[in-house]
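Enquirer: Pasted the sequence and its predicted model underneath.
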Amino acid sequence: MDDAWVLPALPIAGFVVLLLFSPWLPRKGDWLAIGLMGITFLLVLVIGRDVQNAIGDGNFHGVARSWQWSNIPGVLEIRMGTFVDQITLVMLFCVTFVATMVMVYSTSYMHGDRRYGWFYAIVSLFVASMLTLVLADNLLLLYFAWELVGLCSMLLIGYYNDKQSAAEAAKKAFITTRVGDVGLLIGIIILFTQTHTFNIQQILAMAEAGDINSKWLTGAAICMFAGACGKSAQFPLHVWLPDAMEGPTPVSALIHAATMVVAGVYLVARMLPLFEAVDGMPELITVIGLITTLGAAFIGLAQRDIKRVVAYSTLNSLGLMMVALGSGAVGAAMLYLFVHSFFKASLFLASGSVIHATEQQEVDKLGGLWSKMPITAPVFAIGAAAMAGVIPLSGFWAKDEILAGVYHGPVNHAALVLVLISLPVTALYMTRVVLLTFFGEPKDHHVHEHAHESPPLMTVPIAILAGLTLVAGLVIFEGVGKALGFHSGWLGFVYNLGEGPEEFKVVWWLSIYSVVSVGASIAAGAWIWGGAAEPSKRAAAFSPFLYRMFLNRFYIDEVYQLVIDKVVLAAGQAVAWFDRAVVNDSGVNGTGEATNYLAFLAKYQQTGKIPNYALGIVIGVVVIAIVAFGYRT
Amino acid sequence: METVSSSIPLENFIVLSSMLFSIGVYGVLARRNAVLILMSVELMLNAVSINMVAFAVYTAPSLFVGIIFAIFVITIAAAEVGLALAIVLRVFKNRGTANVDEIDTLKW
Amino acid sequence: MTQVFFYLISAVVIAGALGVVLVRNVVYAALLLIMSLMGVAGIYILLSVEFLALVQVLVYGGAVTVLVLFALMLTRTGELKEKLDGEQKPLAAVAAIALLGTFLAMIMQTAWPRDVNQLTVVPFTDIGDALFNRWAVPFEIASGVLLVALIGAVVIAMQEEGER
């Protein structure tokens, strides 16, 4: 467990080898990347056992190990190192497991791609950066990893770099997350100036003890939350995530389930004591999470692209996690993150399988694929059901915990109401996408006839993921936890170190509401989209305004575009004018031209006549003599 | 070596030397004929020689540094005059003039 | 008595020098230069350095002046009736007077290190000894320089091939 640094080191080794030698390796080295990832996953299991044993000893405060990074004696010592606790462990497990599955899946999905080796190299680096991010014991290292994650996501979203839309999506993702990253950096700097350390645990301790000036602490918390918003695609920085679908589907799965968007959730969970030390910060987190989760749920209702629907379901889930964190329910949030990584990965990989089979992403042109794809279809359905929160799939338990957390949490109960509203909406759009894709009459017979089930290398990983989706939620129960070798259920295991384990508690009326509302909305969905086309048209016609709002994602992208066009570009033009007229023409060129002109004037003192020069010498001698003489007397 | 009392103070020689030097400077600056300028340079050289000899005999007679230096100045002056007049002749042959302000190609 | 001689000789030196820089006839200027330099030889005698006075007469009165006269003749300076003074004559005067003023101010301000009314009489033999013992190497180098300069002067002034 002390040697957790090995975890990111292995994929980085894979990255370096693949980057340099992949063209000469058999199969371009994908086996190397997958093998290293598998080993990493097994090592995570070993670490999990160690953590479990350490908790058994009682008084567990996480395992930290650090090395000196740079040292200016007496001024500043920066250390880098790893910190392992339960939250880290959950992240490690999700990341390595999903990454392994995605990599296996990709051998088939990406088969024959011209940059196959590059793909594996970057995915390895992506995973390595994410592992570094979750293991980092100080904010500086975390920030480096954070930026690396952003870089890798851009490279992978823009993987089909000969496609205009992919290149633009990559740019959008990079720039949008960058807005948040700047916030994170500012927050880190503020914290450093106030605490003179980058070490997360020390900062948290100081924040909890109230040793940090509350104004600075508030500023730092808001800035860091902005960073988390950027990475975790929270409103208003969520716009990049749906566009990130332009990357290859396994990349989408990786980004959504494991390596990218959960980084923000992880950051908030990790720094939660700091956020809770700021007045109003939990409320802010909750509100942002609510806006994201509700907005995404409604948008999901009207989207036509299967991957976009799944993407908005991710936003939906991330918002929910933020809400849970805002209520202080770390265990619930991490549980949701845990199961989310399984069902979101299976949803994405299954939709990738659909796209692979049909080369079609529009749900309007799919349909009736259930019989054609006997493995993919159930996997997708299971994932969708888990996302919708159908009992007893994993999603249900996690959502139930979040509901209970919000109910018990300090935040206003209006938040609870809004979360409750989002549940049936989520169920509704997941039902819609499943029905439109796999059931009903095929809308495009050409596509339908050529559809086929994907090869085993794709179906096996998604089957494993779906299997886990079915059961993973059960770890909430103490019995299941003990059967897996843990001391207790999930909530007794995953908690913020400062706060101690929580009890598994059921709020019955919430659970019953959840079951009933989800069931009802699935039934409604089945009625609207299951049979004839008539009800769905009526649903769309019920309120054309709302439908248009949902379809066009509340016009947020358009608003941003407008703001960029009108404000940013105008400001840019002003700056450009300033640069051209003042800096360049007056400043740079002006200096040169002034020199030139002065030289033009000054050259006339070079008469070329030696007596003039001699006169200059004599006058110079006189002046020097007078000055030197004046100094002496 | 014997020392004798002199009724002329050192300053007198130095003032003479200064005046001679300044006149030489004026000649160098004011004249335009190269040969006349060289003559003015000779005046300046002689002024310096007087200066050094005067200091030598009045204040620092050991090793006769000033006197020896004056001898060298005369030697070098002879060399310089020979060389410089040769150059003036060459310039005159090439350009048809010995006036220094007409030789002004050394400019922009 | 010596003082009278000094002022007399000084007047000759200054008058000759002024003549060199002021007269409008170049041959007169050359002859006045001889006068001035002979005056300097007299100053050397007053300083009891007879050897230098002899050298002065030999080198300047003989060699240098003859050279100058030859140069004047060869450059036909006297025949061309050109202006002898440049455009910056007033400025030159100002600069020269300023220089002189600086010198005089310095001379007035300076505290001389020794009793400056005692002068050392330097016999011929001592100068000869010093020149060929202590200063032998510089002396030889000076001879070399002189030789090189004379050869150089000959080479420079020599008629090139095809030159009239």
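Expert: Noted; the coordinates are in hand.

Enquirer: Can you list the helices and strands that the longest helix seen in chain B packs against?
Expert: Secondary structure assigned by DSSP state H gives helix B:65-95 as the longest helix of chain B. Secondary-structure packing of helix B:65-95 (3 or more CB pairs under 8 Å, 6 or more residues apart in numbering or on different chains; DSSP states H and E): helix B:34-58, helix C:50-56, helix C:65-74, helix C:124-132, helix C:136-157. Where you see a C-beta, it was placed from the backbone N, CA and C, and this is true even at glycine.

Enquirer: what helix or strand does residue B:22 sit in?
Expert: helix B:10-30 (DSSP states H and E).

Enquirer: the inter-axis angle of that helix versus helix B:34-58?
Expert: Comparing the axes of helix B:10-30 and helix B:34-58 via axes from the mean of the first three to the mean of the last three CA atoms, to 10 degrees yields an angle of 170 degrees.

Enquirer: Could you confirm whether helix B:10-30 reaches chain A?
Expert: Yes: among the residues of helix B:10-30, B:25, B:28, B:29 lie within reach of chain A under CB under 8 Å from any CB of the partner chain.

Enquirer: How many residues are close by the last one?
Expert: Residue B:29 has 27 neighbours, counted by other CB atoms under 10 Å in any protein chain shown.

Enquirer: residues contacting the nearest residue to it once chain neighbours are set aside?
Expert: Nearest residue to residue B:29 in three dimensions, chain neighbours excluded: residue C:92, at 3.3 Å (CB to CB, 6 or more residues apart in numbering or on different chains). By CB atoms under 8 Å, 6 or more residues apart in numbering or on different chains, the contact set of residue C:92 is A:611, A:615, B:25, B:26, B:29, B:30, C:86.

Enquirer: and the gap between the fifth one and residue C:91?
Expert: Using CB to CB, to the nearest Å, residue B:29 is found at 7 Å from residue C:91.

Enquirer: Now list whatever residues contact both of those two.
Expert: Common contacts of residue B:29 and residue C:91 (CB under 8 Å, 6+ apart): residue A:615.

Enquirer: Check residue A:142 and give its pLDDT.
Expert: At residue A:142, the model reports a pLDDT of 89.

Enquirer: what about residue 94, which helix or strand?
Expert: Since you didn't name a chain, this refers to chain A. Using DSSP H and E, residue A:94 sits within helix A:86-109.

Enquirer: actually chain C
Expert: helix C:89-109.

Enquirer: Restrict that helix to CA atoms and write it as CSV.
Expert: Taking C-alpha atoms only, helix C:89-109 is exported to CSV below (Å, rounded to 0.1, in the frame of the first residue of the first chain):
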residue,chain,number,x,y,z
LYS,C,89,38.3,78.3,-37.4
PRO,C,90,36.2,80.2,-34.8
LEU,C,91,35.3,77.0,-33.0
ALA,C,92,38.9,76.0,-33.1
ALA,C,93,39.9,79.2,-31.4
VAL,C,94,37.3,78.7,-28.7
ALA,C,95,38.3,75.1,-28.1
ALA,C,96,42.0,76.0,-28.0
ILE,C,97,41.4,78.9,-25.5
ALA,C,98,39.2,76.6,-23.4
LEU,C,99,42.0,74.0,-23.4
LEU,C,100,44.5,76.6,-22.4
GLY,C,101,42.2,77.9,-19.7
THR,C,102,41.8,74.4,-18.3
PHE,C,103,45.6,73.9,-18.3
LEU,C,104,46.2,77.2,-16.6
ALA,C,105,43.5,76.5,-14.0
MET,C,106,45.1,73.1,-13.2
ILE,C,107,48.6,74.6,-13.0
MET,C,108,47.4,77.2,-10.5
GLN,C,109,45.5,74.7,-8.4
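
Enquirer: Which positions in it come out as buried?
Expert: Residues of helix C:89-109 classed as buried under the neighbour-count rule (16 or more other CB atoms under 10 Å in any protein chain shown) are C:89, C:91-92, C:94-96, C:98-100, C:102-104, C:106.

Enquirer: give the contact list for residue B:99.
Expert: Residues in contact with residue B:99 (CB under 8 Å, 6+ apart) are B:32, B:33, B:34, C:82.

Enquirer: gap between the residue positioned nearest the centre of chain B and chain C?
Expert: Geometric centre of chain B, nearest residue: residue B:45, 1.7 Å, by CA atoms, centre = their mean. In this view, residue B:45 and chain C are 10 Å apart by CB to the nearest CB, to the nearest Å.

Enquirer: Now that residue: closest residue in space that isn't a chain neighbour?
Expert: In space, residue B:45 is closest to residue B:77, 4.9 Å off (CB to CB, 6+ apart).

Enquirer: hang on, that neighbour packs against residue B:42?
Expert: Yes: in this structure, residue B:77 is within contact of residue B:42 by CB atoms under 8 Å, at 6.5 Å.

Enquirer: Would you mind giving me the confidence score for residue C:64?
Expert: Residue C:64 carries a pLDDT value of 82.

Enquirer: If you drop the residues flanking it in sequence, what lies closest to the closest residue to chain C within the stretch 201-350 of chain A?
Expert: The nearest approach of the stretch 201-350 of chain A to chain C comes at residue A:216, 66.7 Å away (CB to the nearest CB). Closest residue in space to residue A:216, ignoring its immediate chain neighbours: residue A:194 at 5.0 Å, by CB to CB, 6+ apart.

Enquirer: List the residues that contact the one you found.
Expert: Residues near residue A:194 by CB under 8 Å, 6+ apart: A:212, A:213, A:216, A:217, A:220.

Enquirer: Tell me the first helix or strand C-terminal of the host helix or strand of it.
Expert: Secondary structure from DSSP H and E places residue A:194 in helix A:164-195. Downstream of helix A:164-195, the first helix or strand assigned by DSSP H and E is helix A:200-209.

Enquirer: Who are the packing partners of the helix or strand following that following helix?
Expert: Sequence order places helix A:214-231 as the next helix or strand after helix A:200-209, per DSSP H and E. If contacts are counted by 3+ CB pairs under 8 Å, 6+ apart, helix A:214-231 sits against helix A:139-157, helix A:164-195, helix A:262-270, helix A:272-276, helix A:281-302.

Enquirer: please redo it, this time with the cut-off set to 10 Å
Expert: Counting contacts by 3 or more CB pairs under 10 Å, 6 or more residues apart in numbering or on different chains; DSSP states H and E, helix A:214-231 packs against helix A:139-157, helix A:164-195, helix A:200-209, helix A:262-270, helix A:272-276, helix A:281-302, helix A:306-326.

Enquirer: any idea how far chain B is from residue A:102?
Expert: As judged by CB to the nearest CB, residue A:102 and chain B stand 73 Å apart.

Enquirer: Identify the residues contacting that residue.
Expert: The contact partners of residue A:102, by CB atoms under 10 Å, 6 or more residues apart in numbering or on different chains, come to A:34, A:37, A:109, A:123, A:127, A:249-255, A:257-259, A:345, A:348-349, A:352, A:461, A:465.

Enquirer: at 8 Å what do you get?
Expert: Counted by CB under 8 Å, 6+ apart, residue A:102 has contacts A:123, A:250, A:253, A:254, A:258, A:345, A:349, A:461.

Enquirer: What does the pLDDT read for it?
Expert: With respect to pLDDT, residue A:102 has a value of 85.

Enquirer: Same question for the one 4 residues further on.
Expert: Looking at residue A:106, its pLDDT reads 84.

Enquirer: tell me which parts of chain C are close to chain A?
Expert: Proximity of chain C to chain A (CB under 8 Å from any CB) is limited to residues C:86, C:88, C:91, C:92, C:95, C:96, C:98, C:99, C:102, C:105, C:106, C:109.

Enquirer: Please repeat the previous calculation with a cut-off of 7 Å.
Expert: Residues of chain C lying close to chain A (CB under 7 Å from any CB of the partner chain) are C:86, C:88, C:91, C:92, C:95, C:98, C:99, C:102, C:106, C:109.

Enquirer: now those residues as JSON lines including pLDDT?
Expert: Shown next, in JSON lines, are these (pLDDT from 0 to 100):
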{"residue": "C:86", "pLDDT": "77"}
{"residue": "C:88", "pLDDT": "83"}
{"residue": "C:91", "pLDDT": "87"}
{"residue": "C:92", "pLDDT": "88"}
{"residue": "C:95", "pLDDT": "90"}
{"residue": "C:98", "pLDDT": "91"}
{"residue": "C:99", "pLDDT": "91"}
{"residue": "C:102", "pLDDT": "89"}
{"residue": "C:106", "pLDDT": "86"}
{"residue": "C:109", "pLDDT": "81"}
